[in-house]
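A.B. asks: Only the shape, not the letters, is given here:
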């Protein structure tokens, strides 16, 4: 059982190393489950083991977990990456090549909200490009429902908001 678990960990590390943006739990799961490598529950266990061992870092944004490879994860992949067969590496490379635009866009637009010390809610909305914020917008509103609505609509409206701001400010 240890050998397949090691392979699954290496697959996740390899995927995270090959992209210059984080991957979500759903994105990793889609690839691993489509390939039939393991079950969903085993995959979630593997992800938690990678987090606990410091090989990947988890970032939670609303209901989404995004994963980044750590320096320790990169080092581990350097030592043990050869255990991933050429066929699996090619499958991963092909998947990332075919889906990189969609994968990047899914994690580039984020929105989350929190309750302030004054009892209001701040919605933080971002569009990232190459790990830098293209736009970062914080809006404070009196009701949680308003903050949730802002976050819910951000993905669909961020391009319009950005275009409007650029037009008005330039």
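C.D. replies: Yes, it's here. Just so we're clear, the structure is a prediction, and the values are computed from it rather than from any experiment. Residues are numbered from 1 along each chain as shown.
A.B. asks: quick one: the biggest helix by length in the chain to chain centroid distance?
C.D. replies: Taking DSSP state H as the criterion, the chain has its longest helix at helix 144-169. Mean-position distance between helix 144-169 and its chain equals 21 Å (Cα atoms, centre = their mean, to the nearest Å).
A.B. asks: packing partners for that helix?
C.D. replies: Under the contact criterion of 3 or more Cβ pairs under 8 Å, 6 or more residues apart in numbering; DSSP states H and E, helix 144-169 touches strand 109-115, strand 121-129, strand 132-141. In short, each C-beta sits where N, CA and C put it, glycine included.
A.B. asks: how near is residue 88 to residue 36?
C.D. replies: Counting by Cβ to Cβ, to the nearest Å, the gap from residue 88 to residue 36 is 12 Å.
A.B. asks: What residues of the longest helix of the chain count as buried?
C.D. replies: 146-148, 150-151, 154-155, 158 (16 or more other Cβ atoms under 10 Å).
A.B. asks: what angle separates it from strand 121-129?
C.D. replies: 50 degrees (axes from the mean of the first three to the mean of the last three Cα atoms, to 10 degrees).
A.B. asks: Now do helix 144-169, average pLDDT.
C.D. replies: Averaged across helix 144-169, pLDDT comes to 91.
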